[in-house]
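Chemist: What follows is a predicted protein model with its sequence.
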Amino acid sequence: MYGSQVWGQSLQTVIDKISVLQRKAVRIMSFSQFTEHSNPLFKELKILKVQDNIFLQNCLFVHDFFHNNLPKSFNNIFTKASDTHSSLTRHANNGNIALPSFNSTNYGLKSIHKLCIDAWNKMISEQKLIDINKKILDKNHKAIDLHKVSRIKLKQLISNYFFDSY
């Protein structure tokens, strides 16, 4: 998984080959038949699929940005939607990140920058995650803002979301 956030953004064919190998490895680890469905095995072993791990790492990168845990070169990489204009929109209220326009495919639409924004905005808007977040209450019985959740708690929240979908 080391470096998967960098090399995993490139080609879907590479991810597909790794996914096949990962499914085979999970079957071997659990002493299962080679025809057995792998999703319950991932859930039982508490192992994230490659694509889900990349999504998780992208969200954690954005979380680290909001908590100033990134090198200074990343200080202005993301902009909250609420900071782009004065009117409060649905995206601004939810804590989404503004999506800038891109002029190229490889260095724009397929870049880590855009994929991190897409992952964060999807995580914020995902209804199942919102329902899980409502179960986590603070002392005032209000839903906790995902921006303010610790990195470990956010990782656990996203991992459980994926395990529930397997």
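Modeler: Received, thanks. Residues are numbered from 1 along each chain as shown.
Chemist: Next, count neighbours for Phe61.
Modeler: Neighbours of Phe61 under the rule other C-beta atoms under 10 Å: 21. For every residue, glycine as well, the C-beta is placed using N, CA and C.
Chemist: quick one: low-confidence parts of this protein?
Modeler: Within the chain, the stretches with pLDDT under 70 are 10, 85-94, 102, 104-109, 127-145.
Chemist: And the helices in it?
Modeler: 4-7, 12-29, 39-45, 50-66, 90-94, 112-125, 127-135, 151-165 (DSSP state H).
Chemist: can you tell which of these is closest to Thr79?
Modeler: Thr79 lies closest to helix 112-125 among these, at 9.5 Å (C-beta to C-beta).
Chemist: Which strands and helices lie in contact with that closest one?
Modeler: Applying 3 or more C-beta pairs under 8 Å, 6 or more residues apart in numbering; DSSP states H and E, we find helix 112-125 packed against helix 50-66, helix 90-94.
Chemist: how about it: buried residues?
Modeler: Ile112, His113, Lys114, Leu115, Cys116, Ile117, Ala119, Trp120, Asn121, Met123, Ile124 (16 or more other C-beta atoms under 10 Å).
Chemist: The helices of the chain into CSV, with extra columns for distance to Asn103?
Modeler: Output for those, formatted as CSV (distance: least, C-beta to C-beta, whole Å):
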stretch, distance to Asn103
helix 4-7, 22
helix 12-29, 22
helix 39-45, 38
helix 50-66, 22
helix 90-94, 23
helix 112-125, 12
helix 127-135, 32
helix 151-165, 31
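Chemist: can you pull the contacts of the residue of the chain most remote from its centre?
Modeler: In the chain, the residue that sits farthest from the middle, by C-alpha atoms, centre = their mean, is Gln33; the gap is 30.8 Å. Going by C-beta atoms under 8 Å, 6 or more residues apart in numbering, Gln33 touches Arg27.
Chemist: rerun at 7 Å
Modeler: Gln33 sits next to no residue when contact means C-beta atoms under 7 Å, 6 or more residues apart in numbering.
Chemist: Now do it against Lys155, distance only.
Modeler: 32 Å (C-beta to C-beta, to the nearest Å).
Chemist: Same question for Asn58.
Modeler: The separation that Asn58 has from Lys155, given C-beta to C-beta, amounts to 12 Å.
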